[in-house]
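# turn this into a model:
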Amino acid sequence: MSTEAAPAVPPAMELQEALRRELGDVVRTDAAALRAAQGDRSGHVSAEPPLAVVEARTTADVQAAMRFATEHRLPVVPRGAGTGLAGAAQAGGGELVVSTAAMTRVLEISRDDELAVVEPGVINADLNAQLAEHGLFWAPDPASRAISTVGGNIATNAGGLHCVKYGVTREAVLGLEVVLADGRVIRTGHRTVKGVTGYDLTALMIGSEGTLGLVTEATLRLRPVPRGVPVTISAAFDTVEQAARAASVMVASGIRPAILELLDATALEGIGRHLGIDLGGRGAQLLLQTDGDAAEREAADAEAVIRSLGGRAERSATPEDGERLFEMRRAFHASNEAQGAVLIEDVAVPRSALPAMFAAIEAVQEKYGIRIPTVAHAGDGNLHPNFVFEADSVDGFVEVPEHVWQAADELFQACLRLGGTLSGEHGVGILKKRWLRDELGDDVMELQRGLKAVFDPLGLLNPGKAI
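Residues are numbered from 1 along each chain as shown. So this is what the prediction gives:
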């Protein structure tokens, strides 16, 4: 039985000209735009530049780009600000990049319904600056919040410092407008907090890394800014195992800090050197903040747990002093980049396994002679081991040496043995595909690929990424 052959793909220049005729000045083919789309912050760089970049300004632009891609069987790489850490937004030869970074409108803010309707290119921190005027905030706050987009946060199900109490992106999105691979537009979800009509396609889209559709609008669930003055505590421990145990006991005992961060000795040493302050002599440090009406009570309970497990707790005298402590935590990535090239990683384990995971990281660090400073969103078991190494940079992109990948492999396998997951919030992208079957198993992989085929039967959306 014969099957219809796929249409022949015209030469690149012919496709570029046809794309310009279809979409006009939103199409870029200059070397700078193409080169930028070859990489992100993952350490991966594609071997060849993409065919073109569509800098969409409207949903109609995205639709036109997808119809063009379907007609010509062009693989499409969705892209926002390009701050991803797993290689999901990098594009290569023959691929069409559809960027929503220029779609930056905040369409609605409703104080009564505690929701906002936004386009995907809105920067996370810019959105929260607008929401603060209404006494509201959007909870996801990844370390990249000053430069990452809401669309990118949705694509990776981003978390951040506040996710221990307020949840990750999936808990903060009510509905989506999505352009499918063939150019159709669908709306998922509701403007209501409750809603169980049909399958939950909104949750399915969140974290799908652009493999099922392109988000062009999002209805976000907001929260009121907590009342009262937050309480910030810094706790020093002799060992990282003590600190990890204290974090686990706090949450298990019903304390719900708004922030609960753990920094190991290697991280503290690097941050101290970078900021010119003395953070030595500590095996680990917990930084935690309680907020809302129960802030004082929960802070006192947390201090009791810290003392019972050998920690030394100190409260910040003022909110400003507390914020300076978290600025120290936020200097983690900059301190690593000051020491060399960095592979920023992301794994998560059950909270009770945090001490064992830190021990595994230390063992890998010693075996390979690589500095692996690590911070953790300790309240939910999400660790960020950063591999710091020497490497040459080409046009701003760094190739990760093979021995670093070998060290990462051992770390990932240790995470899976402890009942963990390969990614808590950065996504799979290209970086972790080789380990995905180890975590999910054959049957789940088959189901995931079947879902992908329903939404994208031609396999055009972000091929080779995520699954």
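# could I get the contacting residues of residue 74?
9, 15, 51, 68, 94, 95, 96, 460 (CB atoms under 8 Å, 6 or more residues apart in numbering). Using the backbone N, CA and C atoms, a C-beta is placed for each residue, glycine as well.
# I'd like the residues you listed written out as JSON lines, with distance to residue 220, pLDDT and secondary structure added.
Below are these laid out as JSON lines (distance: CB to CB, whole Å; pLDDT from 0 to 100; DSSP: H, G, I helix; E, B strand; the rest coil):
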{"residue": "9", "distance to residue 220": "39", "pLDDT": "67", "secondary structure": "coil"}
{"residue": "15", "distance to residue 220": "36", "pLDDT": "96", "secondary structure": "helix"}
{"residue": "51", "distance to residue 220": "33", "pLDDT": "97", "secondary structure": "coil"}
{"residue": "68", "distance to residue 220": "30", "pLDDT": "98", "secondary structure": "helix"}
{"residue": "94", "distance to residue 220": "35", "pLDDT": "96", "secondary structure": "coil"}
{"residue": "95", "distance to residue 220": "30", "pLDDT": "98", "secondary structure": "coil"}
{"residue": "96", "distance to residue 220": "28", "pLDDT": "98", "secondary structure": "strand"}
{"residue": "460", "distance to residue 220": "28", "pLDDT": "98", "secondary structure": "coil"}
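# closest to residue 197 among the residues you listed?
Using CB to CB, residue 460 comes nearest to residue 197 of those, at 28.9 Å.
# isn't residue 80 right up against residue 148?
Yes. Counting by CB atoms under 8 Å, residue 148 is a contact partner of residue 80 at 7.3 Å.
# so the two - more neighbours on which side?
residue 80 (27 against 23; other CB atoms under 10 Å).
# now do the strands in the stretch 251-400 of the chain.
259-264, 284-290, 312-315, 341-344, 347-348, 374-377, 382-389, 393-394, 397-398 (DSSP state E, counting those that start in this stretch).
# got a markdown table for these, with distance to residue 276, mean neighbour count and mean pLDDT too?
Below are the strands of the stretch 251-400 of the chain laid out as a markdown table (distance: least, CB to CB, whole Å; neighbours: other CB atoms under 10 Å; pLDDT from 0 to 100):
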| stretch | distance to residue 276 | mean neighbour count | mean pLDDT |
| --- | --- | --- | --- |
| strand 259-264 | 17 | 26 | 96 |
| strand 284-290 | 17 | 26 | 96 |
| strand 312-315 | 20 | 14 | 95 |
| strand 341-344 | 20 | 22 | 89 |
| strand 347-348 | 31 | 26 | 96 |
| strand 374-377 | 20 | 26 | 96 |
| strand 382-389 | 19 | 24 | 96 |
| strand 393-394 | 25 | 10 | 62 |
| strand 397-398 | 26 | 19 | 66 |
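# want to throw those strands into JSON lines with distance to residue 451?
Output for these, formatted as JSON lines (distance: least, CB to CB, whole Å):
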{"stretch": "strand 259-264", "distance to residue 451": "34"}
{"stretch": "strand 284-290", "distance to residue 451": "39"}
{"stretch": "strand 312-315", "distance to residue 451": "47"}
{"stretch": "strand 341-344", "distance to residue 451": "28"}
{"stretch": "strand 347-348", "distance to residue 451": "23"}
{"stretch": "strand 374-377", "distance to residue 451": "28"}
{"stretch": "strand 382-389", "distance to residue 451": "25"}
{"stretch": "strand 393-394", "distance to residue 451": "37"}
{"stretch": "strand 397-398", "distance to residue 451": "32"}
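# which of the ones you listed sits closest to residue 200?
strand 347-348 (21.9 Å).
# shaky segments in the stretch 351-467 of the chain?
The stretch 351-467 of the chain contains residues with pLDDT under 70 at 393-398.
# now do the contacts for the nearest residue to residue 178 once chain neighbours are set aside.
Closest residue in space to residue 178, ignoring its immediate chain neighbours: residue 213 at 4.0 Å, by CB to CB, 6 or more residues apart in numbering. For residue 213, the contact set (CB under 8 Å, 6+ apart) comprises 178, 179, 180, 181, 186, 205, 455, 456, 461.
# and with 10 Å instead?
Taking CB atoms under 10 Å, 6 or more residues apart in numbering, we find residue 213 in contact with 62, 66, 78, 176-181, 184-186, 188, 201, 204-205, 455-456, 461.
# how about the strands in the stretch 101-250 of the chain?
Going by DSSP E, counting those that start in this stretch, the stretch 101-250 of the chain shows strands at 106-110, 115-118, 136-137, 173-179, 185-189, 214-221, 223-224, 231-237.
# which ones are touching residue 464?
Contact analysis of residue 464 by CB under 10 Å, 6+ apart lists 75, 77, 87, 88, 92, 95, 211, 429, 430, 433.
# at 7 Å instead, please
residue 430 (CB atoms under 7 Å, 6 or more residues apart in numbering).
# and the contacts of residue 213, which of them are buried?
With neighbours counted by 16 or more other CB atoms under 10 Å, the contacts of residue 213 contain buried members at 62, 66, 78, 176-181, 185, 188, 201, 205, 455-456, 461.
# ok, so of those, who is nearest residue 35?
Nearest to residue 35 among the buried ones among the contacts of residue 213, with distances taken as CB to CB, is residue 78, at 18.3 Å.
# after the host helix or strand of that closest one, which helix or strand is next?
Assigned by DSSP states H and E, residue 78 belongs to strand 76-79. Remark: after strand 76-79, the chain's next helix or strand is strand 96-99, criterion DSSP H and E.
# rewinding a little: got a markdown table for the contacts of residue 74, with neighbour count and distance to residue 125 too?
Shown next, in a markdown table, are the contacts of residue 74 (neighbours: other CB atoms under 10 Å; distance: CB to CB, whole Å):
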| residue | neighbour count | distance to residue 125 |
| --- | --- | --- |
| 9 | 13 | 41 |
| 15 | 19 | 37 |
| 51 | 24 | 32 |
| 68 | 23 | 33 |
| 94 | 14 | 35 |
| 95 | 24 | 30 |
| 96 | 25 | 29 |
| 460 | 21 | 32 |
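# and which of these is nearest to residue 247?
residue 95 (42.1 Å).
# how much space separates that closest one from residue 10?
For residue 95, the distance to residue 10 equals 15 Å [CB to CB, to the nearest Å].
# again, but for residue 401
Going from residue 401 to residue 10 by CB to CB gives 39 Å.
# who's more crowded, the two?
residue 401 (17 against 12).
# any idea how far the more buried one is from residue 241?
30 Å.
# can you check residue 138 too?
From residue 138 to residue 241 the distance is 35 Å (CB to CB).
# again with residue 440
Distance from residue 440 to residue 241, by CB to CB: 30 Å.
# neighbours of the residue lying closest to residue 338 once chain neighbours are set aside, how many?
Nearest residue to residue 338, sequence neighbours excluded (CB to CB, 6+ apart): residue 274, at 5.3 Å. By the criterion of other CB under 10 Å, residue 274 has 17 neighbours.
# what's near enough to touch residue 449?
residue 467.
# wait, is it part of a helix?
Yes. Residue state for residue 449 (DSSP: H, G, I helix; E, B strand; the rest coil) corresponds to a helix.
# list the contacts of the strand holding residue 78.
37, 50, 66, 69, 89, 91, 95-99, 210, 214, 460-462.
# of those, which is the nearest to residue 360?
residue 89 (29.3 Å).
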